[in-house]
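Participant: okay, here's the prediction I keep looking at, along with the sequence it came from:
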Amino acid sequence: MIEPPRKAAVNVAQIGTDNISQGDKDSLDKASRMQLQWNEAKCKNMDLPEGYQTVAVLIIKWCEELDELNCAGEVKELDALFVNEFKYETQIVELNDKQKPQLQLNHAISGFSVRHNSRNNLMIVYYTGHSKFHEATGLLEFYASNERKFKNARAYWNTAETSLIGDVESDVLTILDTCFASNLQKNIASPGRCYELLAASHFNKPTSAPGPKSFTRALINSLKQLLEESKEHGFTTWNLVAQIASQPERQNNPPYMVDRLRRWDRRIRLAPLDSNPVKRRRSLAGTQSNYYLTLEFALNLPKEELDSKQIESLTAQLPQAFKNADIILRDMNWLELRTPTLHTDFSRVVLLYSNVSNYVKQWRRMIKKDETTQSVKRRHSESFPESPDISLKRVMSQDARNGENHVVLKLLSPVSDDSSQSLPHIEGCNFSNRSDMDVE
């Protein structure tokens, strides 16, 4: 059975500022604003600390002898910003070639996770340096230098990332100032938390080395600007992406954000921590929950947002409703506000997965089978405003550029070998990385 798609204001799993419309940007701004308002009102009405109990930052770079890009200056400045302005705990790990770098990277990530893993914490992992993406395996490889004598100074990010995806309970923000980081498109089922990856550039694109045009320079400037504008209640990662993209030096190479867990449009919130840890500490009763309840409310709204008064009222009255029902409420987090999607119940739907080149060949063979090529072209134009070559280019997804190009066609009926029949009507098409065929 094919489930109706869930439609948010924009595809929140993958956000790149140069491939979404102004309307989508406005929707993301509204979603971010509602999330911040909900968090502020909820914490006030439930007497909860606003924000994370602890935020820890792990900064990974290559040691000075191997650091071909000379990242030390920007790393030092970023580290100072997190410590002095955001009050975050930081740790800098320098990979070397005296021991296997993969083991060093794995150890750094696992040790960092052991020290800071908690449902009330945020872990930030930052890397700067060279990298390359292996299309055949889907692996992102960090390396120190292009010199052959340092050829063993390399490690795979995917291997080290495993514990951040499957083992920790904290929210995680990974920031990769390296080439091709946004190629990591494989998403994982969500365990009910946030894990976002902020890449320096878009799919298959390099990024600038340390200097005035680097991603880290834009990141530092953007963090300072957002901190000045929203110091009290903070900002979301969407606000950060938009701010980085607005920097003049990055407008031709904007960042890209991927939700590695791909579920809701809740974004990680960044804000300075209270210098008094007692004020950030939740009571023991407030941290332990043995069940999570997810409710979906169908609303009639004049516009696609809740205003501050509505949010204030809901966050005040919902806890009281749980109290009246004799249920202990620990927390209530904003997940998403989306619009419903109408779903057509087709009597016959065929999902056909095939390679793009094979599809073009099949289309050409169908033309040759007809007695009159012109009549086939005329019938084809009635069903296809564009030729397959043009339409395929128009809808080509990022996965299609990896060489594993697959097209999904939703047809009212299967394609017949009988050339006397008119071409089937295509309801819609999009790419998928699946290689099999499902028929309902």
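Facilitator: Yep, that arrived. Residues are numbered from 1 along each chain as shown.

Participant: tell me how many other residues crowd Leu223.
Facilitator: 20 (other Cβ atoms under 10 Å). (Glycine included, C-beta is placed from N, CA and C.)

Participant: pretty sure it is touching Leu240, no?
Facilitator: Yes - at 7.2 Å, Leu223 and Leu240 qualify as touching, with contact defined as Cβ atoms under 8 Å.

Participant: intersection of neighbour lists for the two?
Facilitator: Common contacts of Leu223 and Leu240 (Cβ atoms under 8 Å, 6 or more residues apart in numbering): Leu270.

Participant: can you map out the helices along the stretch 251-400 of the chain?
Facilitator: 277-280, 284-287, 308-324, 356-369, 373-383, 388-395 (DSSP state H, counting those that start in this stretch).

Participant: rank the ones you listed by pLDDT, which is bottom?
Facilitator: With a mean of 32, helix 388-395 has the lowest mean pLDDT of the helices of the stretch 251-400 of the chain.

Participant: now Ile92: how far from Ala155?
Facilitator: 16 Å (Cβ to Cβ, to the nearest Å).

Participant: ok, the two, which is more surrounded?
Facilitator: Legend: neighbour count by other Cβ under 10 Å for Ile92 and Ala155, higher for Ala155 (21 against 15).

Participant: which strand residues bridge the more buried one?
Facilitator: Phe142 (DSSP bridges).

Participant: wait, doesn't Leu270 sit right on Trp238?
Facilitator: No - contact criterion Cβ under 8 Å: Leu270 and Trp238 do not qualify, at 10.9 Å.

Participant: which residues do these two both contact?
Facilitator: Contacts common to Leu270 and Trp238, judged by Cβ under 8 Å, 6+ apart, are absent.

Participant: which residues in the stretch 51-200 of the chain form strands?
Facilitator: For the stretch 51-200 of the chain, strands defined by DSSP state E, counting those that start in this stretch occupy the ranges 54-62, 89-95, 121-128, 130-134, 139-143, 154-156, 171-177, 195-199.

Participant: so Ile59 makes contact with Ala108?
Facilitator: No - contact criterion Cβ under 8 Å: Ile59 and Ala108 do not qualify, at 10.0 Å.

Participant: which one's more surrounded, the two?
Facilitator: Ranked by neighbour count (other Cβ under 10 Å), Ile59 and Ala108 place Ile59 first, with 22 against 19.

Participant: for that one, give me its contacts.
Facilitator: Counting by Cβ under 8 Å, 6+ apart, Ile59 has contacts 75, 78-79, 90-93, 126.

Participant: go again with 10 Å.
Facilitator: 71, 75-76, 78-79, 82, 90-94, 108, 124-128, 175 (Cβ atoms under 10 Å, 6 or more residues apart in numbering).

Participant: put the buried members of these into a ChimeraX selection.
Facilitator: Burial among the contacts of Ile59 is assessed by 16 or more other Cβ atoms under 10 Å; the matching ChimeraX selection reads:
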select :71,75,78,79,82,90,93,94,108,124,125,126,127,128,175
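
Participant: buried residues in the longest helix along the chain?
Facilitator: Longest helix of the chain, by residue count under DSSP state H: helix 22-46. Buried positions in helix 22-46, judged by neighbour count with 16+ other Cβ under 10 Å: 24-25, 27-28, 30-43, 45-46.

Participant: quick check: angle from it to helix 308-324?
Facilitator: For helix 22-46 against helix 308-324, the angle by axes from the mean of the first three to the mean of the last three Cα atoms, to 10 degrees is 40 degrees.

Participant: tell me what helix 22-46 is packed against?
Facilitator: Helix 22-46 sits against strand 14-16, strand 235-236, helix 237-246, strand 269-270, helix 308-324, with contacts defined as 3 or more Cβ pairs under 10 Å, 6 or more residues apart in numbering; DSSP states H and E.

Participant: so, low pLDDT: which residues of the chain?
Facilitator: In the predicted model of the chain, residues 1-24, 182-192, 262-265, 278-288, 341-440 satisfy pLDDT under 70.

Participant: ok, 50 please
Facilitator: Counting by pLDDT under 50, the chain contains low-confidence ranges at 1-17, 189-190, 283-286, 342-357, 360, 376-440.

Participant: domains for it, by residue range?
Facilitator: 14-280, 350-439 (automatic domain parsing).

Participant: so which of the strands of the stretch 51-200 of the chain comes closest to Phe112?
Facilitator: Phe112 lies closest to strand 54-62 among these, at 4.6 Å (Cβ to Cβ).

Participant: output that closest one as CSV, restricted to C-alpha atoms.
Facilitator: Output of strand 54-62 as CSV, limited to C-alpha atoms (Å, rounded to 0.1, in the frame of the first residue of the first chain):
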residue,chain,number,x,y,z
THR,A,54,25.2,21.3,28.4
VAL,A,55,26.6,22.0,24.9
ALA,A,56,30.0,20.4,24.0
VAL,A,57,32.0,21.1,20.9
LEU,A,58,34.5,18.6,19.4
ILE,A,59,36.8,20.3,16.9
ILE,A,60,38.8,18.0,14.6
LYS,A,61,41.7,19.0,12.5
TRP,A,62,45.1,17.7,11.3
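
Participant: doesn't Val172 make contact with Tyr126?
Facilitator: No - between Tyr126 and Val172 there is no contact under Cβ atoms under 10 Å: 11.7 Å.

Participant: how about Val83: what's its closest non-neighbour residue?
Facilitator: Nearest non-adjacent residue to Val83, counting by Cβ to Cβ, 6 or more residues apart in numbering: Thr90, 5.6 Å away.

Participant: also Ser275?
Facilitator: Using Cβ to Cβ, 6+ apart, the closest residue to Ser275 is Lys87 (6.0 Å).

Participant: what's near enough to touch that neighbour?
Facilitator: Per Cβ under 10 Å, 6+ apart, neighbours of Lys87: 55, 271-275, 277, 280.

Participant: ok, it to Leu270 distance?
Facilitator: 12 Å.

Participant: now do the shared contacts for those two.
Facilitator: Counting by Cβ under 10 Å, 6+ apart, the residues touching both Lys87 and Leu270 are Val55.

Participant: residues near the residue lying closest to Arg330 once chain neighbours are set aside, how many?
Facilitator: Leaving aside its chain neighbours, Arg330 sits nearest to Ser289 (4.7 Å; criterion: Cβ to Cβ, 6+ apart). Look at Ser289: counted by other Cβ under 10 Å, it has 13 neighbours.
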